[in-house]
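A.B. asks: Using only what follows, build the 3D model:
(one chain, ligands or ions: 1)
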Amino acid sequence: MSSVLTGITTNGPPHLGNYVGAMRPAIELSKKSKSFIFLADYHSLIKQQDPELTHQSTLSIAAAWIACGLDLENTIFYRQSSIPQIMELNWILTSITPKGLMNRAHAYKAIQDATNGKDKDKNVQMGLFNYPILMSSDILMFNADLIPVGSDQKQHIEMTRDIANKFNLTYGSFFNLPEPLIDKTTSYLPGLDGNKMSKSYSNYIDLFADEKKLKKQINQIKTDSLEPGEKKSQDSILYKYFKCFVGNNEIKKIDDYFNEGMGWGDLKKILFELINTELTPSREKYFDLINNPKKVEKILLEGESKAFEIASKNLRNIRSLVGIKTL
Ligand code: TRP
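C.D. replies: Next up is the predicted model:
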């Protein structure tokens, strides 16, 4: 049986991009497949160094997964940091990963390109450079097959396959080659400004703000200056939001509104209703969990004991393959 694995970095509150790209598809899959869902708290240290933020975000992202309906029967739900075997695998994989492969990572190249001046590595920590190896360790630790992610993560999954392949050729076949699961129409939600929605760019919409704040954030989605009555483009940022929140049957109606030239303000009101209707049932559960962290901790501890067991068994085999075993 194939297994599904995905994680979200805990460097801020859960946002709508996390929901659309990772949470919603993974929760659907968790109803029918064995799933590994985790909080990438060690990844978060690369992106920001605010301990309180990392801590709070771990709680809020965990609560969001549970509130949105993660199937806890089929799912092993855990913090990355509670499974130290992942860090050990990270070193084993680091030892065989070609530097040239990491040089090609989009996230690393983007920072280099944004740095004017001579020192291209000025804003690059080693953690960022090695980020794809830690992500590979997350996936390969559990030999997962299917990885639901937003399309921006595709390259990381390809790198995971390359690293797995390298290991298999070097030490003997052990790892599956995972596949990304990317729904092109519904898994990519841009940020307010049209760039990738990211906590690092402050262009995100909170997954669980109150209605007033959700309305306000939706109003901040960037639009052009076309007036009511003028035809709106399906290349617009707002249209991409609609694509993520209406089913195939209803998109026709939205297309008509865009073609007829409905004003941006009215389109945003419709979008707000759609998103709010989808999120309202989970919102209350979310706030209940946030106010009762012990409930979340208990659920995580249960998942972590299962994840620990699987990771220990796999790591024992991996260590043995590389020659680290009892004499
Ligand atoms: N890099 C992912 C993101 O920023 C988070 C992540 C870390 C992840 N490890 C993973 C996703 C393993 C899928 C599988 O969204």
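A.B. asks: what about the helices in the stretch 1-150 of the chain?
C.D. replies: Assigned by DSSP state H, counting those that start in this stretch, the helices in the stretch 1-150 of the chain fall at 16-18, 24-30, 41-47, 51-67, 84-94, 99-103, 106-114, 126-140.
A.B. asks: Tell me which of those lies nearest to the ligand.
C.D. replies: In terms of CB to the nearest ligand atom, the element of those nearest to the ligand is helix 126-140, at 4.1 Å. (Each C-beta comes from the backbone N, C-alpha and C, glycine too.)
A.B. asks: quick check, distance from the closest one to the centre of its chain.
C.D. replies: 14 Å (CA atoms, centre = their mean, to the nearest Å).
A.B. asks: buried ones in that helix?
C.D. replies: The neighbour-count check on helix 126-140 (16 or more other CB atoms under 10 Å) flags 128-140 as buried.
A.B. asks: how about the helix or strand bottoming out on mean pLDDT in the chain, does it get close to the ligand?
C.D. replies: For the chain, counting by mean pLDDT, DSSP states H and E, helix 106-114 ranks last in confidence among helices and strands (a mean of 89). No: figure legend: helix 106-114 not in contact with the ligand (CB under 6 Å from any ligand atom); closest approach 8.8 Å.
A.B. asks: Run the angle between that helix and helix 126-140 for me.
C.D. replies: Interaxial angle, helix 106-114 versus helix 126-140 (axes from the mean of the first three to the mean of the last three CA atoms, to 10 degrees): 160 degrees.
A.B. asks: Any buried residues in helix 106-114, and which?
C.D. replies: For helix 106-114, by 16+ other CB under 10 Å, it's 107-108, 111.
A.B. asks: just to revisit the earlier point, among the helices of the stretch 1-150 of the chain, show the one with the smallest mean pLDDT.
C.D. replies: The minimum mean pLDDT among the helices of the stretch 1-150 of the chain belongs to helix 106-114 (a mean of 89).
A.B. asks: quick revisit: restrict the buried residues of helix 126-140 to contacts with the ligand.
C.D. replies: Taking CB under 6 Å from any ligand atom as the test, the ligand is in contact with 135, 138-139 out of the buried residues of helix 126-140.
A.B. asks: Would you mind giving those residues as JSON lines with distance to F36 added?
C.D. replies: Formatted as JSON lines, these follow (distance: CB to CB, whole Å):
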{"residue": "M135", "distance to F36": "13"}
{"residue": "D138", "distance to F36": "9"}
{"residue": "I139", "distance to F36": "9"}
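A.B. asks: Would you tell me which one of those comes nearest to S3?
C.D. replies: Of all those, I139 has the smallest distance to S3: 10.3 Å, by CB to CB.
A.B. asks: Wait, that closest one touches I147, no?
C.D. replies: Yes: here I139 reaches I147: they are 6.2 Å apart, a contact under CB atoms under 8 Å.
A.B. asks: what residues are shared contacts of the two?
C.D. replies: 5, 157, 160, 178 (CB atoms under 8 Å, 6 or more residues apart in numbering).
A.B. asks: And the residues you listed, which of them are buried?
C.D. replies: Applying 16+ other CB under 10 Å to the shared contacts of I139 and I147 flags 5, 157, 160, 178 as buried.
A.B. asks: Nothing else from me, thank you.
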